[in-house]
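Novice: Could you look at this predicted model? Sequence included:
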Amino acid sequence: MALQGSQGLQGLLDGKVVLVNGGSQGVGAAIARAAVREGATVAVSGRRPEPGEALVAELTAAGGKAMFVRADLADAEQAKGSVAEVVAAYGRIDCLVNSAGLTSRGTLLDTTPDLFDQHIAINLKAPFFAMQAAVADMVGRGAPGTVVNIITSSAHGGQPFLAPYVAAKAGLIGLTRNAAHAHRWDRVRINGLNIGWTATEGEDATQKTFHGAGDDWREEAATRLPMGKLGQPDEIADFVVLLLSDRSGVVTGSVIDWDQNVLGGLD
């Protein structure tokens, strides 16, 4: 017998229309899978159609309702357009997840203006204008909605080789709180998740491209982490689904550190 007042954690997003920008692989794809599992109609966006369409085929084969939106999120008009395509297809958008991220390396001393602009375009400008379009739809309909921005624990400072990434993602923290405050009376809840080191396809490519890692880098890294493993996309996805859902209650403007390293903790 369920405890009084308990609704469990099933069907958290029943009937919701969810857009996961940057959702064709990695954390974004895991969020899409979790959202479909919880009853949502899901759209995923990305530059490359192959992984996006493969994910949609997987989701629909499992009985879900999903679509792929091809969009280069570095272009603000395409970021806004990703929302417009979802609204055109389903009549509205209830939830937005900004999970696209660029993690190419650069220090304060060697970052070029072009590299800096690339980081701003993907990691800050794209979420800004996707949120603009999504919140405009919610406010225009007089309907509540939720947004979750996937940020990074590195936004607190990060490694020296992440200078442009940190600059852009720290900006996204401020934007998350600003937008949440601006639209709290519209019942649009906007939160962020500062994720730590995570086992994704993109991280695999980053480790091999920039750090000369071998195929066993995940196992080696796990030995140096408190929980004995990197962050797992499916675990992050469950947390995001909770934030998107009504079961996260009134929470808005929160930027949550989802990591196994404790901010400010020193040995």
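Specialist: Nice, thanks for sending it over.

Novice: pLDDT weak spots in the chain?
Specialist: Scanning the chain with the threshold set as pLDDT under 70 gives 1-9, 199-200, 202, 204, 207.

Novice: Which stretches in it count as helices?
Specialist: 26-37, 49-61, 76-90, 113-120, 126-141, 163-182, 201-211, 217-222, 233-244 (DSSP state H).

Novice: And these: which comes nearest L193?
Specialist: Closest to L193 of these, according to CB to CB: helix 233-244, at 6.5 Å. (Glycine included, C-beta is placed from N, CA and C.)

Novice: buried ones in that closest one?
Specialist: P233, I236, A237, D238, F239, V240, V241, L242, L243, L244 (16 or more other CB atoms under 10 Å).

Novice: and the angle for it with helix 201-211?
Specialist: 120 degrees (axes from the mean of the first three to the mean of the last three CA atoms, to 10 degrees).

Novice: For helix 233-244, name the packing helices and strands.
Specialist: helix 26-37, strand 95-98, strand 145-150, strand 188-195, strand 255-258 (3 or more CB pairs under 8 Å, 6 or more residues apart in numbering; DSSP states H and E).

Novice: now what about it, what contacts it?
Specialist: For helix 233-244, the external contacting residues (CB atoms under 8 Å, 6 or more residues apart in numbering) are 9, 12-13, 16, 18, 26-27, 29-31, 33-35, 38, 95, 97, 146, 148, 150, 191, 193, 195, 198-200, 248, 251, 256, 258.

Novice: Dump it to CSV, restricted to CA.
Specialist: This file holds the C-alpha atoms of helix 233-244, laid out as CSV (Å, rounded to 0.1, in the frame of the first residue of the first chain):
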residue,chain,number,x,y,z
PRO,A,233,23.9,9.8,-18.4
ASP,A,234,20.9,7.7,-17.3
GLU,A,235,21.3,8.9,-13.7
ILE,A,236,21.5,12.5,-14.8
ALA,A,237,18.5,12.0,-17.0
ASP,A,238,16.3,10.8,-14.1
PHE,A,239,17.3,13.9,-12.2
VAL,A,240,16.4,16.1,-15.1
VAL,A,241,13.0,14.4,-15.6
LEU,A,242,12.2,15.1,-12.0
LEU,A,243,13.1,18.8,-12.4
LEU,A,244,10.9,19.0,-15.5
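
Novice: Off-centre distance for that helix?
Specialist: 10 Å (CA atoms, centre = their mean, to the nearest Å).

Novice: Use 59 as the first number for this chain going forward.
Specialist: OK, 59 is where the count begins now, so the last one is helix 291-302.

Novice: what's the spacing between the spatially most central residue of the chain and P185?
Specialist: Among the residues of the chain, the one closest to the centroid is S157, at 2.6 Å (CA atoms, centre = their mean). Taking CB to CB, to the nearest Å as the measure, S157 falls 9 Å from P185.

Novice: shared neighbours of the two, which are they?
Specialist: Joint contacts of S157 and P185 (CB under 8 Å, 6+ apart) are N79.

Novice: rewinding a little: give the PyMOL command for selecting the buried subset of the contacts of helix 291-302.
Specialist: A single PyMOL command selects the buried members of the contacts of helix 291-302 (16+ other CB under 10 Å):
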select buried, resi 70+71+74+76+84+85+87+88+89+91+92+93+96+153+155+204+206+208+249+251+253+256+257+258+306+316
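
Novice: still on that earlier bit, and of the buried residues of helix 291-302, the nearest to H214?
Specialist: I294 (17.8 Å).

Novice: quick revisit: among the helices and strands packed on helix 291-302, which is nearest S162?
Specialist: Going by CB to CB, the one of the helices and strands packed on helix 291-302 nearest S162 is helix 84-95, 15.2 Å.

Novice: which helices and strands does that closest one pack with?
Specialist: By 3+ CB pairs under 8 Å, 6+ apart, helix 84-95 packs against strand 75-79, strand 99-104, helix 107-119, strand 123-128, strand 153-156, helix 259-269, helix 291-302.

Novice: Pull the contacting residues for the residue nearest to the centre of the chain.
Specialist: So S157 contacts V78, N79, G80, G81, G84, V85, G86, I89, I208 (CB under 8 Å, 6+ apart).
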